[in-house]
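1. model this:
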Amino acid sequence: MDEESETVIRLNVGGHQYTTALSTLTGTDGMLATMFNGSFGSTRVDGAHFIDRDGQLFRYVLEFLRNQRVQLPESVPVLRQ
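-> A predicted model of the protein is given here:
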């Protein structure tokens, strides 16, 4: 699928807004893939799919899904625990 026709998904994760490609969310097995492959519906808030998780940390989940790796900054000690 070319970039112009890629389905874009809006997410509200713990109050933080994210926009990403559907292929990012469904590219690997896991809960997000299950949510967005049509297996079950999701709650929407103002048109965005709502996920009740830590929105600030979710950016690292998206980075991993996009790049299959993630670089954690030293300034986020909770991620190192």
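2. Pull the residues that contact stretch 25-41.
-> 9, 22, 42, 49, 51, 61, 65 (Cβ atoms under 8 Å, 6 or more residues apart in numbering). All C-beta spots, glycine's among them, are computed from the backbone N, C-alpha and C.
3. Spatially nearest residue to the fifth one (excluding sequence neighbours)?
-> Here the nearest residue to residue 51 in space, its sequence neighbours aside, is residue 13; by Cβ to Cβ, 6 or more residues apart in numbering that works out to 4.6 Å.
4. Buried by neighbour count: which residues of the helix ranked longest in the chain qualify?
-> Longest helix of the chain, by residue count under DSSP state H: helix 55-67. Within helix 55-67, the residues that qualify as buried are 55, 58, 60, 61, 62, 65, counting by 16 or more other Cβ atoms under 10 Å.
5. quick one: pLDDT of residue 76?
-> If you check residue 76, the pLDDT there is 64.
6. let me redo that: residue 59
-> pLDDT, residue 59: 93.
7. do the one 3 residues further on as well
-> Residue 62 carries a pLDDT value of 96.
8. in the sheet, who's paired with the residue nearest to residue 51?
-> Going by DSSP bridges, residue 13 is paired in beta bridges with residue 16, residue 51.
9. how far away is it from residue 71?
-> 20 Å (Cβ to Cβ, to the nearest Å).
10. Which one's more surrounded, those two?
-> Using other Cβ atoms under 10 Å as the criterion, residue 13 and residue 71 rank with residue 13 on top: 21 against 7.
11. quick one, what contacts the one residue sitting closest to the centre of the chain?
-> Geometric centre of the chain, nearest residue: residue 62, 4.8 Å, by Cα atoms, centre = their mean. Each residue near residue 62 by Cβ under 8 Å, 6+ apart is listed here: 18, 20, 24.
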